[in-house]
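Sequence plus predicted model, see below.
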Number of protein chains: 4
Amino acid sequence: MTVRAAVAGASGYAGGELLRLLLGHPEVEIGAVTGHSNAGQRLAALQPHLAPLADRVLAPTSPEALAGHDVVFLALPHGQSAAVAEQLGPEVLVVDCGADFRLKDAADWEAFYGSPHAGTWPYGLPELPGGRAALQGSKRIAVPGCYPTAVSLALLPAYAAGLAEPEAVIVAASGTSGAGKALKPHLLGSEVMGSMSPYGVGGGHRHTPEMVQNLSAAAGEPVMVSFTPTLAPMPRGILATCSAKARPGVDAEAVRAAYEKALAGEPFVRLLPEGQWPTTAAVYGSNAAQIQVALDPAAGRIIAISAIDNLTKGTAGGAVQSMNIALGLPEELGLSATGVAP
Amino acid sequence: MTVRAAVAGASGYAGGELLRLLLGHPEVEIGAVTGHSNAGQRLAALQPHLAPLADRVLAPTSPEALAGHDVVFLALPHGQSAAVAEQLGPEVLVVDCGADFRLKDAADWEAFYGSPHAGTWPYGLPELPGGRAALQGSKRIAVPGCYPTAVSLALLPAYAAGLAEPEAVIVAASGTSGAGKALKPHLLGSEVMGSMSPYGVGGGHRHTPEMVQNLSAAAGEPVMVSFTPTLAPMPRGILATCSAKARPGVDAEAVRAAYEKALAGEPFVRLLPEGQWPTTAAVYGSNAAQIQVALDPAAGRIIAISAIDNLTKGTAGGAVQSMNIALGLPEELGLSATGVAP
Amino acid sequence: MTVRAAVAGASGYAGGELLRLLLGHPEVEIGAVTGHSNAGQRLAALQPHLAPLADRVLAPTSPEALAGHDVVFLALPHGQSAAVAEQLGPEVLVVDCGADFRLKDAADWEAFYGSPHAGTWPYGLPELPGGRAALQGSKRIAVPGCYPTAVSLALLPAYAAGLAEPEAVIVAASGTSGAGKALKPHLLGSEVMGSMSPYGVGGGHRHTPEMVQNLSAAAGEPVMVSFTPTLAPMPRGILATCSAKARPGVDAEAVRAAYEKALAGEPFVRLLPEGQWPTTAAVYGSNAAQIQVALDPAAGRIIAISAIDNLTKGTAGGAVQSMNIALGLPEELGLSATGVAP
Amino acid sequence: MTVRAAVAGASGYAGGELLRLLLGHPEVEIGAVTGHSNAGQRLAALQPHLAPLADRVLAPTSPEALAGHDVVFLALPHGQSAAVAEQLGPEVLVVDCGADFRLKDAADWEAFYGSPHAGTWPYGLPELPGGRAALQGSKRIAVPGCYPTAVSLALLPAYAAGLAEPEAVIVAASGTSGAGKALKPHLLGSEVMGSMSPYGVGGGHRHTPEMVQNLSAAAGEPVMVSFTPTLAPMPRGILATCSAKARPGVDAEAVRAAYEKALAGEPFVRLLPEGQWPTTAAVYGSNAAQIQVALDPAAGRIIAISAIDNLTKGTAGGAVQSMNIALGLPEELGLSATGVAP
């Protein structure tokens, strides 16, 4: 099977990562690459690392440009996917890397995004309980946010096994590519290097309801989430430090056993040997997630930590993994669990 | 008054920062600089940034070398301060940047450090309630750990005002200088750059009981602390993200008011204007701390965040500030609240 | 003497560094701080590291705002200084951190800057032969460019002593603050971190004629300069690697002797001990320059390397040093030769 | 064809990169992985990014461990390859990533390495004139040094076309992985981040004679090389800024034409469009090299700049590329020209 794939929003970081992965996918042929303000420019200038695509020219994001593909990846600003998706036929697999179709609760969407809810698509996190079944044969996929991916991988085993109280406290550090390519003063290299800073403090980050949705589904009850994202001086990577009170009687062995069981057989998510901790460097440029968990006996909390590459497993890699499942291809095709380190 | 000061352990990062600050202190004359394995070497090679001291040669850390000073700063590995301090007369001000004399509870010391407790000295955090009074005229000072400094500055106002439940969850990111100059593989530049990683997860970090001690004193009841430190790809700085459940009825205005009141008049600790968040870059190389606080209404938690320079306010700057108080000098002498940025 | 100083262009990196240094200058009182597009904003938001000036509000850059000062520092985009300077009386010391008055040759100016030449002011590099005399009592100072400062300090001793052929090859690496605060895609943290890249290759960089001017003056004959700047993943610092063929008969001892003699007594420029090489980290945030020199016997070239902080010795520190000389203050007042490291 | 490959020296950075690439090579099966001081340890701890090999245990580097492979890669410290290679049969392809067999001139070897010359093997730079022919069918390959790779790719077209005078001046910046995993104080993250520094100044770097060898072969006459390496605050990448005087009458068109002709058809080396400059970020983790060239009319010099990943094209990628040629496999198999960016 050769799949013809288009990427809408090819000049941004998510679009660039999609193209990088699709270039290495043995069953994908890259079709249209489109953009908005950069339409007409060559990829050589916009994505100089994509040497094999250097001479490709961005088309405007339009129904004409996107027609004739088996798969269309949308890497557009939040709120723009619905209009484009509408014009793509039901036989086309549409994989949306934006937020538009992630949330089930319309009120949540409206509260956090301030616009009408566009709907809900099958959610592209195969590691969720029932996650793969929901994607098989689907023609619409909502790729999870990068933080919800990292947080869900870290905490799902604890909640699915009923080990943790339903109040999670999460502090995550992200590389700057998570903030995109928009020109903002605080994203300048001079400001970022040598600096850690928080943002979206106090519950306002838009990824919060998505974490609530995933963790609550696993727990079978509403989970309250306190989420603080921070910006770290590195281009890629998320380290999510997640904790929740352990339920009475839960001990370290029970925690370890639950994580071993939950993550056994996962192709990309790996529970590290005891005593070893995740590093974002180890998953750089890969679709891998590293997980480790501990029980703090004095504080009575389960501490679960994950490291992913925000652009790969957190966005484009997750998108390709879900595409593979939807199309009936081997789930790991075109994806690597090997990080680029040091 | 001219104060003659010695620095024991002058080849490490804390020792180097002490010398950097003392060089700019108008009432201090730098006397002996001592080391252990590096004794006999010139500072030009060991601390090339200390140009005015380039020709100084490290003496061995001995009673003879340290004799004849008004102040002796100890920047030694944990567990070595007591033996050196014993040989210094009671008229000498001894400022210990190590952990040896920080903890009041001998059992805590033994549990976390695995050696007999050496004692407890007045604690060099002037911003603690009663902190300055405890230091005035003292001849022995235990400089706080870098993480406890950052965490205490962030959470003391909440606990002192009775706003928070006595269970704090803290995730802090530190620059690599906090790990010292010891040659360990995970501290190589190739490993550190582009990477975030946790360590000491699960309650084992030695700074935890010190946080418990400070927060409990402010709260008037035992505060449980879950603390996870992470290593960030930057040489200096700590960003501490601290949270605790708000007591019933506490609202955002009460939180803001408590912080404004608690931090008013502090020369180095600054509550940022609402909407602005701390960055470690803004306090780089300075004795300043930036604080911000928010109430997350959905999660019901107070989120307090601080940024300090781990080597300055977190170690050497805090030491000099406390020395100033102990000697009756103006508290801000030789210290700057201006960061080196960008 | 208390000097009242204004800073025009206080929202940029050069302006921020001027304010940082002036805050620590014992004879300076900071008067007006002005800006253009940021007029009306508080420094707290624009320069969050300048804690003591947090509540200052930027005035528009106008004759009214700048009136009534003893010294006015201009940190404006190239080409804007002349118009502002014109409106300041001859009794005011005007220190221009821009390029407008650096070049003696009007044709060079026009070729590299594309606008009419505004004139030539005394050049603020005290380490030039005759440099201090030219500044004493002057009311107008043109602060050198950051690269010409680094390159001149490295090569002047060789040319002044007649050791080198008049063709210099220079490759310099600069931190990103040298490119300013303008929002350009290639300056985003995501692009800069982990990357080295050249720019202005082939002789087009505007600092080239200034290097030619300085080196030719020292050599007493025209020196041809090949200059390639590169952008390094760090916020501050310049490392300039400069070389030229050694004149026949020149040996390593002669080179060393010339550098020792030329740099003896310089308060901020230090020839390192043999075998030790400059690092930008060692001069971070300081007005110091580190210099080292070697003779490559096989290639027959003198290799001279300097490290400075582009914002301090390369801009704002050099400006304050020259101001001190012009006003008859001690040259080192308010400036430090101690870097902030690690 | 399935090729069974062993990697000796699998715990270092070159060994780790070899394994990363071989994991993605469709015709290679990874056999023995060996080490010296780390023998007996699992790769999970030593190379945590190599998730698929996590459970592999390092064998000691011995003839027994290395027996039974089609290809043996040596990633050993300089001087250790000959003894290991001797014990491998002539039918085994031995690819040495060390320096031992790179130099043709025994006197050069002895002058720069201080030990007897072990011999000369076919040189693994396919892009050299005649480079591919020398590798086809060969059973011994000397992989070039990382700097000579970058410099040769940049300057070969100029010398092969007779455009440049035989005196080259080269300043190159390297990421820290080029210095290996040895625990040295100046390689600590705290020292490296935010800092540029030179080393091996004055002609002493061991890669210098290898550059001379390659450039002289292309020029048909001895080329003198002045080479200054610098350490940059990034884990990977080399940016080589190379220049030489243009021969009389050479103009920009001639230079461009020579580079276009020389690099046409190269699968991994790409001459960038005019006006675009190489960045190390664009080739991160890939086997690609970016090249650009300019003529500086005022200085009369050709400036040629290359960017490579020192571990990939500069070591392990070059090794795999040469292995492919030696074995008659497609040259690009298992290698990517797509960088991991941002």
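Sure thing, it's come through.

Isn't residue A:247 up against residue A:163?
Yes - using CB atoms under 8 Å, residue A:247 is in contact with residue A:163, at 5.8 Å. Every residue, glycine included, has its C-beta placed from N, CA and C.

So if I had to pick from those two, which one is more boxed in?
With neighbours defined as other CB atoms under 10 Å in any protein chain shown, residue A:247 and residue A:163 compare such that residue A:163 has more, 25 against 16.

near chain C, which residues of chain A?
Contacts of chain A with chain C, taken as CB under 8 Å from any CB of the partner chain, map to A:13, A:175-177, A:179, A:181, A:183-185, A:187-194, A:233-235.

filter these down to the ones near chain B?
Counting by CB under 8 Å from any CB, the members of these near chain B are A:175, A:188, A:190-191, A:193-194, A:233-235.

Of the residues of chain A next to chain C, select the buried ones using a ChimeraX command.
Selection of buried members from the residues of chain A next to chain C for ChimeraX, criterion 16 or more other CB atoms under 10 Å in any protein chain shown:
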select /A:13,175,176,177,179,181,187,188,189,190,191,192,193,194,233,234,235
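
Inside helices: which ones of the residues of chain A next to chain C?
Those of the residues of chain A next to chain C mapping onto helices are A:13, A:189-192, per DSSP state H.

right, and out of the residues you listed, which lies closest to chain B?
residue A:190 (4.0 Å; CB to the nearest CB).

Mind telling me what element the closest residue to the closest one other than its chain neighbours is part of?
Using CB to CB, 6 or more residues apart in numbering or on different chains and skipping residues adjacent in sequence, the residue nearest residue A:190 is residue B:342, 4.0 Å away. Using DSSP states H and E, residue B:342 is not contained in any helix or strand.

can you pull the contacts of residue B:342?
Counting by CB atoms under 8 Å, 6 or more residues apart in numbering or on different chains, residue B:342 makes contact with A:188, A:190-191, B:281, C:13, C:16, C:177, C:235-236.

got it, and residue A:35?
Applying CB under 8 Å, 6+ apart, the residues near residue A:35 are A:9-11, A:15, A:41, A:46, A:58-61.

now, which of those sits nearest residue A:68?
Checking the contacts of residue A:35 against residue A:68 by CB to CB gives residue A:59 as the nearest, at 12.2 Å.

Would you mind confirming that that closest one is in contact with residue A:39?
Yes - counting by CB under 8 Å, residue A:59 does reach residue A:39; the two are 6.3 Å apart.

can you give me the helices in chain A?
A:13-23, A:43-46, A:63-66, A:81-86, A:106-113, A:131-135, A:146-160, A:189-192, A:208-219, A:252-263, A:317-327.

Drop anything exposed from the contacts of residue A:35.
Applying 16+ other CB under 10 Å to those flags A:9-11, A:15, A:46, A:58-59, A:61 as buried.

Can you say which two of those are spatially most distant?
So, those by CB to CB: farthest apart are A:46 and A:61, at 14.3 Å.

Chain D contacts on the stretch 51-200 of chain A?
A:51-52, A:54, A:177, A:193-194.

Which segments of chain A make up each domain?
A:3-144+A:314-327, A:147-308 (the TED database).

what residues are up against residue A:158?
Applying CB under 8 Å, 6+ apart, the residues near residue A:158 are A:164, A:244, A:255, A:258-259, A:293, A:302, A:304.

Could you check how far residue A:178 is from residue D:342?
Per CB to CB, to the nearest Å, residue A:178 is found 11 Å from residue D:342.

do residue A:61 as well
Per CB to CB, residue A:61 is found 22 Å from residue D:342.

quick check: mean pLDDT across the longest strand anywhere in chain A?
For chain A, the longest strand by residue count, based on DSSP state E, is strand A:164-174. Averaging pLDDT along strand A:164-174 yields 98.

Can you spell out which helices and strands pack onto that strand?
Counting contacts by 3 or more CB pairs under 8 Å, 6 or more residues apart in numbering or on different chains; DSSP states H and E, strand A:164-174 packs against helix A:146-160, helix A:208-219, strand A:224-231, strand A:238-246, strand B:164-174.

What angle do strand A:238-246 and the longest one make with each other?
Read it as helix A:146-160. If you take axes from the mean of the first three to the mean of the last three CA atoms, to 10 degrees, helix A:146-160 sits at 30 degrees to strand A:238-246.

give the contact list for residue A:333.
The contact partners of residue A:333, by CB under 8 Å, 6+ apart, come to A:25-27, A:324.

Check whether residue A:61 really touches residue A:32, as I assumed.
No - using CB under 8 Å, residue A:61 is not in contact with residue A:32; the gap is 9.1 Å.

if we can go back for a sec, reformat the helices of chain A into JSON lines and put distance to residue C:240 next to each item.
Compiled in JSON lines, these are given as follows (distance: least, CB to CB, whole Å):
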{"stretch": "helix A:13-23", "distance to residue C:240": "33"}
{"stretch": "helix A:43-46", "distance to residue C:240": "30"}
{"stretch": "helix A:63-66", "distance to residue C:240": "48"}
{"stretch": "helix A:81-86", "distance to residue C:240": "49"}
{"stretch": "helix A:106-113", "distance to residue C:240": "50"}
{"stretch": "helix A:131-135", "distance to residue C:240": "55"}
{"stretch": "helix A:146-160", "distance to residue C:240": "40"}
{"stretch": "helix A:189-192", "distance to residue C:240": "20"}
{"stretch": "helix A:208-219", "distance to residue C:240": "48"}
{"stretch": "helix A:252-263", "distance to residue C:240": "52"}
{"stretch": "helix A:317-327", "distance to residue C:240": "42"}
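
relative orientation of the longest strand of chain A and strand B:164-174 in degrees?
Computed by the same axes, to 10 degrees, the angle separating strand A:164-174 from strand B:164-174 equals 30 degrees.
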